[in-house]
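J.: Here is my input, please return the structure:
(2 chains)
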There are 2 protein chains.
Amino acid sequence: MKTWVPISENSDFSIYNIPFGIFSTPYNKRRVGIAIGEFVMDLYEVSKLGIFDKLDIELEVFEANYLNEFISLGKPVTTKVRTIIQEQLCDETSLLRTGKNIFYLQKEVSMHLPVLIGDYTDFYSSIEHATNVGIMFRDPENALLPNWKHIPVGYHGRSSSILISGENIHRPKGQVVLPNEMNPIFQQSSRVDFELEMGFVIGKKTTIGDSVSIDNAEEYIFGKVLFNDWSARDIQKWEYVPLGPFLAKSFASSISPWIVTLEALDRFRVSGPKQEPKVLPYLAFQGMKNYDINLEVSIQPKNGNETIVSESNFKFMYWNMSQQLAHHTSNGCNINVGDLMASGTISGKNPNSYGSMLELTWAGKNPIQLSNGEKRKFIEDYDTVIMRGYCEKDGIRVGFGEVKSQLLPVKK
Amino acid sequence: MKTWVPISENSDFSIYNIPFGIFSTPYNKRRVGIAIGEFVMDLYEVSKLGIFDKLDIELEVFEANYLNEFISLGKPVTTKVRTIIQEQLCDETSLLRTGKNIFYLQKEVSMHLPVLIGDYTDFYSSIEHATNVGIMFRDPENALLPNWKHIPVGYHGRSSSILISGENIHRPKGQVVLPNEMNPIFQQSSRVDFELEMGFVIGKKTTIGDSVSIDNAEEYIFGKVLFNDWSARDIQKWEYVPLGPFLAKSFASSISPWIVTLEALDRFRVSGPKQEPKVLPYLAFQGMKNYDINLEVSIQPKNGNETIVSESNFKFMYWNMSQQLAHHTSNGCNINVGDLMASGTISGKNPNSYGSMLELTWAGKNPIQLSNGEKRKFIEDYDTVIMRGYCEKDGIRVGFGEVKSQLLPVKK
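T.: Okay, the predicted model is just below:
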């Protein structure tokens, strides 16, 4: 495909991508847009040109606070919207070339949460991450718990505090137990961490009591985003037994603004790690269900440049999205359009691929050196954490942009 | 107060109550109503009579799928609505007596979920329940974990599967490990249980980064409902370490349709259990924050009458709602109108006050005898579980009605 839009070679938003998001300008309400090169294309204005007429979509779907209604049209429709956009952006005679108010520079618009998230679930599906955390939080001899290779372990998270890239967060307070003490004190967390994750957005609802079979699971997934599951390790350590992480996570999570569709990711499928012992039949899948997505995390201190602290890949995941979704609905739990499911921290085998400061510094024992000479055990006030991700194959690049947020001091 | 509405002496819905809910009839869309005696009063029609004119409420607030918009008016307004209703229902010359289409029999309308629940949190705040579960699931010697008396332990739950009383549920499937086995199999749960809980509905939102102080917490609570936190004990046992219960809970929860306001419950305040060791300052409260609410659970088998299997009381809770909410927001986690927070299973000291079959039958060791002669270790297909709750003091009764649902076999 060759587009008439000028796009730099290493842009995440090539003609092969066409991710969906919600943007606004000072002059317009929130609208559905797609990213192409350094531009946002306004689908509300595009729709008025009649380009989607044969799909019979109400114009209001494109002037909306969230993508939920658009996604609810279903993949047969949204996939066609994406294909039509690609065709138009390659057609030298397209109306889009001359239409007014169609394109904005991304740097001149505001991006918003792409979906109204009903329920948010966080999995724990990297075997390297689960092993590392097991060694540090529990028992090096039995780092991986007995259920881990049978169940794509997950837990419910907090939806209300999921923020869009660019929204800064505050250091949380909470109960922590200091070394050699028995009793907790209440203070600001001194171990704020990121978790490098990816999330997928549910594109099709189910009815309570029904399960999504593993073979059909991808039909229920609209697309993917980058996800920073901010964590407070000192709060987590004291609170998480027996009911799991709670306030150590719920102070904030951050997502990237553009949802990259599964269709755009299709050519980057790869096989995942071998699963041994064999999984139960409802989790057994055919074909390639992992995706080769290069990921990186960098830290930018208040006065300094970015330092890349982790280079990982989504293909490392032991449990894939289809398994996660089949498991999640195996008990009849219903899902809704806009629900978000995150992968859990994506760590690889190599220590520089670990997806959290907890692992990278081994609970603070081996601080990381930043390019300005400062050292980091965990995230400090005014540090900005930036996650990026992209796929590349045969000269085709499809990327996610970034999720970026600064940690501010405790809110007074 | 003396009302002109005929109300039987032991009605939950006395003139002192006036709980809010969402109902529909075959002729009308969903509307806001209040319960009085055996009637529902239609606030959309009442509003058209001009009775709330001085409060300047848009009429559409009363014709809505959920109470969220009504509740968002804020307590200064919603409390006045309730007071005006009480005055009108006591005024022999009220327009409501002669107005048309104001009252329906409760048995002739359909009740719906009262609020659109954004996030749902489940606490674990009964010391008797936590101790009982600790003995059975973990270690009798260390039943209560070290953090339990310092933290109102809680975890995030699934919002999508919260159902209104009357909606039946299906037995879930899941991974379970049979006795003397090491590896799981996938089958229908054989240990479906209820949990007797109460939930509170958030009435005022916060901004991310802010905390609700314990002294102000009740300002953020609109009211309370009965809550059945359906659980699958065999699934729970295998999955819950280390990230907490997930599919053992997310297949369904059930709530009662009428939200009883904190104002209606005010006269039933009592002191709670002594908290020793002393809690941290952000959890220290003054005054009486527990409520004396009689609770019961009964099981009605397919062919038989109800048998009451548990008689408990909300006043047994070790951690109160103000503490739960202060803790939940202590890290800056934001809350929204319509969020639901449940108490955790409400067990007392007396074995007949245990709030789950797990505890009542001690994991199935001591089956319960039903009035039709059948025995129950856990809930069987076609059993209906009914929870009821009411307060009574000085001849004044304020109740919750019931939450009732039948367990159907696994959905094919």
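
J.: ok, how many other residues are close to residue A:207?
T.: 9 (other Cβ atoms under 10 Å in any protein chain shown). Quick note: C-beta positions are derived from backbone N, CA and C, even for glycine.

J.: hang on, isn't it packed against residue A:332?
T.: No: when contacts are counted by Cβ atoms under 8 Å, residue A:207 is not listed as touching residue A:332 (9.0 Å).

J.: Which helix runs longest in chain A?
T.: helix A:75-90 (DSSP state H).

J.: what comes into contact with it?
T.: Under the criterion Cβ atoms under 8 Å, 6 or more residues apart in numbering or on different chains, residues A:1-5, A:15, A:18, A:20, A:34, A:36, A:41, A:43, A:46, A:51-52, A:55, A:57, A:70-71, A:94-96, A:203-204, A:219, A:222, A:261, A:263-264 lie in contact with helix A:75-90.

J.: so how far is it off the chain centroid?
T.: 23 Å (Cα atoms, centre = their mean, to the nearest Å).

J.: Just say helix, strand or coil for residue A:323.
T.: For residue A:323, the secondary structure call by DSSP: H, G, I helix; E, B strand; the rest coil comes out as helix.

J.: quick one, what contacts it?
T.: Applying Cβ under 8 Å, 6+ apart, the residues near residue A:323 are A:152, A:214, A:217, A:279, A:283, A:285, A:289.

J.: Check the burial of residue A:268 by counting its neighbours.
T.: Neighbour tally, residue A:268, other Cβ under 10 Å: 20.

J.: repeat for the one 3 residues further on
T.: Counted with other Cβ under 10 Å, the neighbours of residue A:271 add up to 11.

J.: just wondering, since we're on it, how far is it from residue A:353?
T.: The gap separating residue A:271 from residue A:353 is 18 Å, by Cβ to Cβ, to the nearest Å.

J.: Equivalent analysis for residue A:337, please.
T.: 33 Å.

J.: Same check on residue A:255?
T.: 21 Å.

J.: mind listing the helices for chain A?
T.: According to DSSP H, the helices that chain A contains are A:43-48, A:68-72, A:75-90, A:127-133, A:233-239, A:247-250, A:262-265, A:321-328, A:357-360.

J.: among those, which is nearest residue B:28?
T.: helix A:68-72 (25.5 Å; Cβ to Cβ).

J.: Identify the residues contacting the closest one?
T.: A:20, A:32, A:60-62, A:64, A:78, A:115-116, A:201, A:203, A:205, A:222, A:337-338.

J.: Show me which of these are buried.
T.: A:20, A:32, A:61-62, A:64, A:78, A:115-116, A:201, A:203, A:205, A:222, A:337-338 (16 or more other Cβ atoms under 10 Å in any protein chain shown).

J.: So for chain A, the centremost residue is which one?
T.: residue A:226 (2.7 Å; Cα atoms, centre = their mean).

J.: didn't that residue look like it was pressed against residue A:403?
T.: Yes: proximity of residue A:226 to residue A:403 meets the contact threshold set by Cβ under 8 Å, at 4.4 Å.

J.: Name the nearest residue to the residue nearest to the centre of chain A, sequence neighbours excluded.
T.: With Cβ to Cβ, 6 or more residues apart in numbering or on different chains as the criterion, residue A:226 has its nearest non-adjacent residue at 4.0 Å, and that residue is residue A:256.

J.: Kindly report the same for residue A:405.
T.: Distances taken as Cβ to Cβ, 6+ apart place residue A:254 nearest to residue A:405, at 4.7 Å, with adjacent residues excluded.
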